[in-house]
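>>> Any chance you could fold what I've pasted below:
(one chain, ligands or ions: 2)
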Amino acid sequence: MLIINQIFPLLSQPRKVVITTHQKPDGDAMGSSLGLYNFLIQFGHTVTVISPTNWASFLNWMPGIKNVLDYERQTEEADKAIAAAEWIFCLDFNTLSRTKRMEEKLCNATGQRILIDHHQEPQVDKFTYGESDTTKSSTCEMVYDFIIGSGEDDKINEPVAECLYAGVMTDTGSFRFPLTSAKVHRMVSHLKEKGLNHGPVHEALYDNFLENRFRFLGNVLLNRMELFYEYNTALIAIPQADLIKYNIKTGDTEGLVNYPLSIQGIKLAAIIIDRGEERKSSFRSKGGFDVNTFARKYFNGGGHFNAAGGQNKESLDEVTAMFIKAMKENKDQLSNYQF
Ligand code: 5GP
Ligand code: MN
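Numbers count the residues shown, from 1 in each chain. Ligands and ions are numbered 1, 2, ... in the order given. Below is the predicted model of the structure:
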């Protein structure tokens, strides 16, 4: 993988570009993709953003989102764009398998793949150019660095600023996680100077839910949450029937895992959701418990030190039992937690 700075001199020649990200994109995945999109279109590039799957409706305010293709619903159009692309930017994921059904098409594409990502252990051999940095708070911070590095920061307009702010804000837990460096705050300060109106971004992301999501949340916290105080651990396991009963859509479950993590003494929080085709898990930790390693070892997953996820084909009961077994295996680390 060559360093990404090498493409800076090429930016001024209009090209066919695809930008893609991980399945079920979150604020950082969609924010970085559309931040880069709104930047690149100013050079006259033909840019197509493709999401491997659908996304949460609370992202629908993002400038440019109406042009994003959902690979599962617009496969033919997306395949054409991938086949024609000279550059394929891959944002906010480390392995091509995170693009689900797009993986094969991306692997066989003739265009150059370019990685911008902050997850551990990227598949560097799959990319011509790229930047992988696990010390970065978010992929949005890395897209910002890319723009600054290119010397084209006059192209940071309101759409670019809003998208990048959304991703850095969500991936840092509203500027609270350890990777929120002084540089991140300087970036936000710069985005503000470029016209960012941050209030509406927060409102669009956090104050925009439907009633059913809160009824669902009440049910989950009352009936689906189990605490293992001896292990400083909390687990939420959600059967598919709950998702159906409360009409839960993509994105409605985002952030749920943070509720048990805010209980006093809890060091590890896990949520396992039966999505029908698979059991999707999310893990969050406080302090020194490495959920990236935990997710890789037990749940076919990965992520970051304090936030990771995985997926399994086994039933919800089986994955729950696997979690309890894994928790017990890590008793020493989980029980001896010092605040
Ligand atoms: P979330 O729990 O919000 O889905 O994901 C937390 C973090 O773990 C994100 O950075 C996400 O990219 C990563 N992650 C989630 N699920 C998986 C997975 O199945 N495999 C890998 N490698 N990373 C994941
Ligand atoms: Mn991210």
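
>>> which residues are there in the chain that come within reach of ligand 2?
28, 92, 139, 171 (CB under 5 Å from the ion). Bear in mind the C-beta positions are built from the backbone N, C-alpha and C, glycine included.

>>> So which of the residues you listed is surrounded by the most neighbours?
Thr139 (31 neighbours; other CB atoms under 10 Å).

>>> Pull the residues that contact stretch 28-35.
If you take CB atoms under 8 Å, 6 or more residues apart in numbering as the criterion, stretch 28-35 is touched by 19-22, 25, 49, 51, 55, 59, 62-65, 68, 89, 91-93, 116, 138-140, 142-144, 159-160, 163-168, 170-171.

>>> Quick one: name the residues of this protein near ligand 1.
For the chain, the contact set with ligand 1 under CB under 6 Å from any ligand atom comprises 22, 119, 282, 301-304, 307-311.

>>> For these, name the two members farthest from one another.
Maximum pairwise distance among these (CB to CB): 16.6 Å, between His304 and Gln311.

>>> For the two, indicate the residue with more neighbours.
Neighbour count, other CB under 10 Å: between His304 and Gln311, His304 has more, with 21 against 17.

>>> quick one: contacts for the residue nearest to that one when sequence neighbours are not counted?
In space, His304 comes closest to Asn292 once its chain neighbours are excluded; the distance is 5.7 Å by CB to CB, 6 or more residues apart in numbering. Taking CB under 8 Å, 6+ apart as the contact definition, Asn292 lies against 120, 302-305, 308.

>>> In terms of secondary structure, what does the lowest-mean-pLDDT helix or strand in the chain contact?
For the chain, counting by mean pLDDT, DSSP states H and E, strand 302-303 ranks last in confidence among helices and strands (a mean of 92). Counting contacts by 3 or more CB pairs under 8 Å, 6 or more residues apart in numbering; DSSP states H and E, strand 302-303 is packed against helix 291-299, strand 307-312.

>>> what's the angle between the shortest one and helix 291-299?
Strand 307-312 runs at 10 degrees relative to helix 291-299, counting by axes from the mean of the first three to the mean of the last three CA atoms, to 10 degrees.

>>> what's strand 307-312 packed up against?
Other elements packing on strand 307-312 under the criterion 3+ CB pairs under 8 Å, 6+ apart are strand 279-285, helix 291-299, strand 302-303, helix 316-329.

>>> let's see 7 Å
strand 279-285, helix 291-299 (3 or more CB pairs under 7 Å, 6 or more residues apart in numbering; DSSP states H and E).

>>> possible to save the ones you listed as JSON lines with mean pLDDT?
Output for these, formatted as JSON lines (pLDDT from 0 to 100):
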{"stretch": "strand 279-285", "mean pLDDT": "97"}
{"stretch": "helix 291-299", "mean pLDDT": "97"}
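
>>> Buried deepest among these, which one?
strand 279-285 (a mean of 25; mean count of other CB atoms under 10 Å).

>>> Average pLDDT for the host helix or strand of Val17, rounded please.
Using DSSP states H and E, Val17 sits within strand 16-21. Regarding strand 16-21, the rounded mean pLDDT is 98.

>>> Identify the bridge partners of the closest residue to ligand 1 within the stretch 151-300 of the chain.
The nearest approach of the stretch 151-300 of the chain to ligand 1 comes at Ser282, 3.1 Å away (CB to the nearest ligand atom). For Ser282, the beta-bridge partners are Ile271, Gly309 (DSSP bridges).

>>> Verify the contact between it and Val257 for me.
Yes: using CB atoms under 7 Å, Ser282 is in contact with Val257, at 4.6 Å.
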